[in-house]
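Participant: got a structure for you, letters missing:
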């Protein structure tokens, strides 16, 4: 499995997802949902080429749908960079670090 890194934006997205879930469904559900989300990302990164490529601005990224969220990432020479994790109702803007 390639080395997987999370951008600052992706780490902030995970925290926001957790906070939103706590406010709406409680801490136990937040732990469960965020844990499952991270586990599914880890599983998908065993074969990162499996998700389709899309263009966002000038960038080619991959788009992975997990439950109610979309993970945007890029495959680089020495790592896979998780760029953003957004609710499917959100549109990504530029995904640069």
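Facilitator: It's in. Keep in mind that what you see is a predicted model, and the values were worked out from it rather than measured.
Participant: Model confidence score at the residue nearest to residue 85 when sequence neighbours are not counted, please.
Facilitator: Distance criterion CB to CB, 6 or more residues apart in numbering; nearest residue to residue 85, sequence neighbours excluded, is residue 13 at 4.2 Å. No exception for glycine: its C-beta is placed from N, CA and C like everyone else's. Among the per-residue scores, residue 13 holds a pLDDT of 97.
Participant: wait, what's in contact with residue 13?
Facilitator: If you count contacts by CB atoms under 8 Å, 6 or more residues apart in numbering, residue 13 has them with 84, 85, 86.
Participant: gap between the first one and residue 27?
Facilitator: Right, the one you point to is residue 84. Residue 84 sits 24 Å away from residue 27, going by CB to CB, to the nearest Å.
Participant: These two: which is more packed in?
Facilitator: Using other CB atoms under 10 Å as the criterion, residue 84 and residue 27 rank with residue 84 on top: 22 against 11.
Participant: helix or strand for the more buried one, which one?
Facilitator: Remark: residue 84 resides in strand 80-87, with elements defined by DSSP states H and E.
Participant: same deal with residue 15?
Facilitator: helix 8-25.
Participant: Over to residue 39?
Facilitator: helix 27-44.
Participant: Tell me which other helices or strands that helix touches.
Facilitator: In terms of contacts (3 or more CB pairs under 8 Å, 6 or more residues apart in numbering; DSSP states H and E), helix 27-44 is packed against helix 8-25, strand 59-66, strand 69-75, strand 80-87.
Participant: partner strands of whichever helix or strand comes after that helix, parallel or antiparallel?
Facilitator: Per DSSP H and E, the first helix or strand lying C-terminal to helix 27-44 is strand 53-56. With DSSP bridges as the test, strand 53-56 is paired with strand 59-66 (antiparallel).
Participant: Before I go, just wanted to say thanks for your time.
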